[in-house]
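Undergrad: just a sequence and a predicted model for now, questions to come.
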Amino acid sequence: MPAVTDKLEMRENVLRIENCRGDFPALSQKVNGHPIVWLDSAASSQQPAEVIDRIAEYQRHDHANVHRGVHTLSHRATEAYEGARDSIAAFINAASRSETVFTSGTTAAINLVAQSWCRPRLLAGDKILITHLEHHSNIVPWQLVCEQTGAELVVCPINERGEIELDRMLSLIDERTRMVAVSHVSNALGTVLPLAEIVSEAHRRDIPVLVDGAQAVPHMQVDVRTLDCDFYAFSGHKMFGPTGIGILYGKESLLDSMPPWQGGGDMILEVTFDGTTWNELPYKFEAGTPNISGAVGLGAAVKYLQSVGMEQVLRHEQELLQYLAARLSAIDGLRLIGTAGHKASVQSFLLDAIHPHDLGTILDHQGVAIRTGHHCAMPVMEYFKVPGTARASLALYNNKDDIDRLADALMKAKDVFA
Amino acid sequence: MNAMSIDGDELRELYRELILDHAKTPRHFGKLEDATHCAEGINPLCGDKLRLYFRLDDDNRISDARFEGSGCAISVASASLLTETVIGLETDRALEFFAAMVERLAGRPDASRPAAAEDIDLGKLRALEGVKEFPSRVKCATLAWHALKAALQQKQRPVSTE
């Protein structure tokens, strides 16, 4: 009876996510005498034991350089590294493993596209279109390539809820636009961007779209072929994997047409002093010995996420996000920053006239970790005319108790500054 | 140590009445139109941004001091207390206060510290000593002091304590 099986499966999944906190060793400690409340996953998420153990196992037993040796350990390391790539490619539904390039993170992935796709193509007067919501890593690489080529950086405005003005965005895509680069989810405000409309309008004019997915991949099922974006960049350490590893997804036809970004070992087919031929995709973009253990850890993180189920993650976090906004709104003197209709996992706020850093210190003293400051999104802060915000960000391991602890800690801050 | 005492005591040490008072109502706040020396202190990651102005008279005495900008309670209170402290001091003496503050708060002697800094009585500046228990906040308390030094030494680049 399939209906009963589905129901059972769903209950198991709900139980799985309710209990998954125990999978994360860092979340069982006390900080400043209190059980830790981790509300800073948008900066960096904690790692489950499965990821930590997988990396340790690789380091203890299988470490060697990849793609090089004929010996056993090199074979094992290569299998582990390429196996991770296969898992990640399947997780985001890439058409093939060649479209999944390991990078050091989202920042490197975006710089790669700016330098390898855009730089050779841009002429003075061409345009790159971004939004006012972007993280610095989806602003500065484009500024650099604009300086190098004389192209212009065009910025789509936002409204007071922290949503992009979609009509403006679509009308800003014109015959001089050469690249549209947008985040999937805003790191400072949690706004989910209307990618379908943006991609469709850009493609009508044959303009490629890069999506900064760093804040989306840990929170929802990302299917790059449904999104139909041309490039999609994300980082391991925001999705329960290690730092120093990330992914550039790119459509094969685009990656094929791009020159290498960095030269070195592993990215070549043949080197002579008369000239060098490039290795096939994705190795053309992976010069030098890669971050093998990072890739292995990211592969384990993907398996972990799949075992919990991304639909469950999304449902769980959406419920928590509503509870978070409701609890915060009920606090006298608290101002929510970022109130878009479609949001994920992040809530920025200010309390009375208390500077976010003072809030951060008082909360930390009660074991509650939040991010304070400009969140590497200074233009967003400038739009709201604030020096920074306090930001609580959620992940699959958070629960309502965490949010209650945050609300209590904020009352304490009001007390200190009364 | 029980959790309650950590909460209460250390936080109250950091956010003493005097600090909160200076943070909420900073003294000598605003631009000094006839300043002879000024410098900027910026901690970009924090978002603290202070601009300090000083007017020196002919015998190298600080006859007026002001500051403007925004920052957390600790950085603003520190700048406010700084202006109260240095008005009327000769520049050498003000630099001794700089050295003494950095040494007391950051816990490391400044290499160029004048010997006299050792026995300076910090007076109400001691209210800032609560940051010693909060390593990530020491930079907030010392920002204005580094800007003071930069201003008196006529450094052009903004200083940072991050």
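TA: Sure thing, it's come through.
Undergrad: can you get me the start-to-end distance on stretch A:53-68?
TA: Terminal residues of stretch A:53-68 lie 25 Å apart, using C-alpha to C-alpha, to the nearest Å.
Undergrad: average pLDDT for that stretch, rounded please.
TA: Averaged across stretch A:53-68, the pLDDT comes to 95.
Undergrad: now the strands for the stretch 251-400 of chain A?
TA: A:268-272, A:275-278, A:334-337, A:346-351, A:368-369, A:371-373, A:389-393 (DSSP state E, counting those that start in this stretch).
Undergrad: point out the most buried one among those strands.
TA: Ranked by mean neighbour count, those are led by strand A:389-393 with a mean of 28 (mean count of other C-beta atoms under 10 Å in any protein chain shown). No exception for glycine: its C-beta is placed from N, CA and C like everyone else's.
Undergrad: can you list the neighbours in contact with whichever helix or strand comes after it?
TA: Remark: after strand A:389-393, the chain's next helix or strand is helix A:400-416, criterion DSSP states H and E. With contact meaning C-beta atoms under 8 Å, 6 or more residues apart in numbering or on different chains, helix A:400-416 is reached by A:34, A:37-39, A:320, A:323-324, A:327-328, A:330-334, A:351-352, A:354, A:358-359, A:362-363, A:366-368, A:370, A:392, B:7, B:11-12, B:15.
Undergrad: give me the below-cutoff pLDDT ranges for the chain.
TA: In the absence of a named chain, this looks at chain A. A:1-6, A:8-11 (pLDDT under 70).
Undergrad: my bad, the chain I had in mind was chain B
TA: B:1-8, B:108-118.
Undergrad: how about a cut-off of 80?
TA: Along chain B, the model assigns pLDDT under 80 to residues B:1-9, B:45-46, B:107-119, B:156.
Undergrad: about what we covered before: out of the strands of the stretch 251-400 of chain A, which comes closest to chain B?
TA: Closest to chain B of the strands of the stretch 251-400 of chain A is strand A:371-373 (C-beta to the nearest C-beta; 5.6 Å).
Undergrad: remind me what the closest one packs against, helices and strands.
TA: helix A:356-364, strand A:389-393 (3 or more C-beta pairs under 8 Å, 6 or more residues apart in numbering or on different chains; DSSP states H and E).
Undergrad: again, only using 10 Å
TA: strand A:346-351, helix A:356-364, strand A:389-393 (3 or more C-beta pairs under 10 Å, 6 or more residues apart in numbering or on different chains; DSSP states H and E).
Undergrad: what's the closest of those to residue A:242?
TA: Closest approach to residue A:242 among those is made by strand A:389-393 (18.8 Å; C-beta to C-beta).
Undergrad: my guess is residue A:39 contacts residue A:399. True?
TA: No. Using C-beta atoms under 10 Å, residue A:39 makes no contact with residue A:399, being 11.2 Å away.
Undergrad: please say which of the two ends up with more neighbours.
TA: More crowded of residue A:39 and residue A:399, by other C-beta atoms under 10 Å in any protein chain shown: residue A:39, with 26 against 18.
Undergrad: ok, residue A:362 touching residue B:74?
TA: No. Contact criterion C-beta under 10 Å: residue A:362 and residue B:74 do not qualify, at 11.8 Å.
Undergrad: okay, and the common contacts of those two?
TA: Taking C-beta atoms under 10 Å, 6 or more residues apart in numbering or on different chains as the criterion, residue A:362 and residue B:74 both touch B:14-15.
Undergrad: neighbour count: these two, which is higher?
TA: residue B:74 (29 against 24).
Undergrad: pretty sure the more buried one sits against residue B:131.
TA: Yes. Assessed by C-beta under 10 Å, residue B:74 is found in contact with residue B:131 at 6.3 Å.
Undergrad: mutual contacts of the two, please.
TA: Counting by C-beta under 10 Å, 6+ apart, the contacts common to residue B:74 and residue B:131 are A:361, B:14, B:19, B:137-142.
Undergrad: inside strands: which ones of those residues?
TA: Using DSSP state E, no member of these sits in strands.
Undergrad: just the buried residues of those residues.
TA: A:361, B:14, B:19, B:137-142 (16 or more other C-beta atoms under 10 Å in any protein chain shown).
Undergrad: closest to residue B:151 out of these?
TA: Nearest to residue B:151 among those, with distances taken as C-beta to C-beta, is residue B:142, at 14.6 Å.
Undergrad: which residue comes closest to the closest one once chain neighbours are left out?
TA: residue B:161 (5.1 Å; C-beta to C-beta, 6 or more residues apart in numbering or on different chains).
Undergrad: my read: the one you found touches residue B:146, true?
TA: Yes. Counting by C-beta under 10 Å, residue B:161 touches residue B:146, with 5.7 Å between them.
Undergrad: what about the helices in chain A?
TA: A:2-18, A:49-57, A:72-91, A:106-113, A:140-149, A:166-172, A:195-204, A:224-227, A:252-256, A:292-308, A:310-329, A:356-364, A:378-383, A:400-416 (DSSP state H).
Undergrad: and the third one, which residues are buried?
TA: Right, the one you point to is helix A:72-91. Residues A:74, A:76-78, A:80-81, A:84-85, A:87-89, A:91 are the ones in helix A:72-91 that count as buried (16+ other C-beta under 10 Å).
Undergrad: now the angle between helix A:292-308 and that helix, please.
TA: Relative orientation of helix A:72-91 versus helix A:292-308 (axes from the mean of the first three to the mean of the last three C-alpha atoms, to 10 degrees): 40 degrees.
Undergrad: how far off centre is helix A:72-91?
TA: 22 Å (C-alpha atoms, centre = their mean, to the nearest Å).
Undergrad: same check on stretch B:142-158?
TA: Chain-centre distance of stretch B:142-158: 10 Å, with C-alpha atoms, centre = their mean.
Undergrad: CA atoms only for stretch A:72-82, dumped as PDB, please.
TA: What follows is stretch A:72-82 as a C-alpha-only set of coordinates in PDB (Å, rounded to 0.1, in the frame of the first residue of the first chain):
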ATOM      1  CA  THR A  72      47.300   1.800  -4.800                       C
ATOM      2  CA  LEU A  73      46.900   4.900  -2.700                       C
ATOM      3  CA  SER A  74      46.900   7.200  -5.700                       C
ATOM      4  CA  HIS A  75      44.200   5.100  -7.200                       C
ATOM      5  CA  ARG A  76      42.200   5.300  -4.000                       C
ATOM      6  CA  ALA A  77      42.600   9.000  -3.700                       C
ATOM      7  CA  THR A  78      41.600   9.500  -7.300                       C
ATOM      8  CA  GLU A  79      38.500   7.300  -6.800                       C
ATOM      9  CA  ALA A  80      37.600   9.300  -3.700                       C
ATOM     10  CA  TYR A  81      38.100  12.700  -5.400                       C
ATOM     11  CA  GLU A  82      36.200  11.800  -8.600                       C
END
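Undergrad: can you list contacts of that stretch?
TA: Residues outside stretch A:72-82 that contact it (C-beta under 10 Å, 6+ apart): A:54, A:57-58, A:61-69, A:71, A:97, A:102, A:286, A:290-296, A:299-300.
Undergrad: so residue B:91 touches residue B:65, yeah?
TA: No. Using C-beta under 10 Å, residue B:91 is not in contact with residue B:65; the gap is 11.5 Å.
Undergrad: more neighbours, those two?
TA: Taking neighbours as other C-beta under 10 Å, residue B:91 and residue B:65 compare with residue B:65 leading, 26 against 19.
Undergrad: residues touching the more buried one, list them.
TA: Contacts for residue B:65 (C-beta under 10 Å, 6+ apart) come out as B:27-28, B:32, B:35, B:37, B:52-55, B:79, B:82-89, B:94, B:148, B:151.
Undergrad: give me the buried subset of these.
TA: Buried among the contacts of residue B:65 (16+ other C-beta under 10 Å): B:27-28, B:32, B:35, B:37, B:52-55, B:79, B:82-83, B:85-87, B:89, B:94, B:148, B:151.
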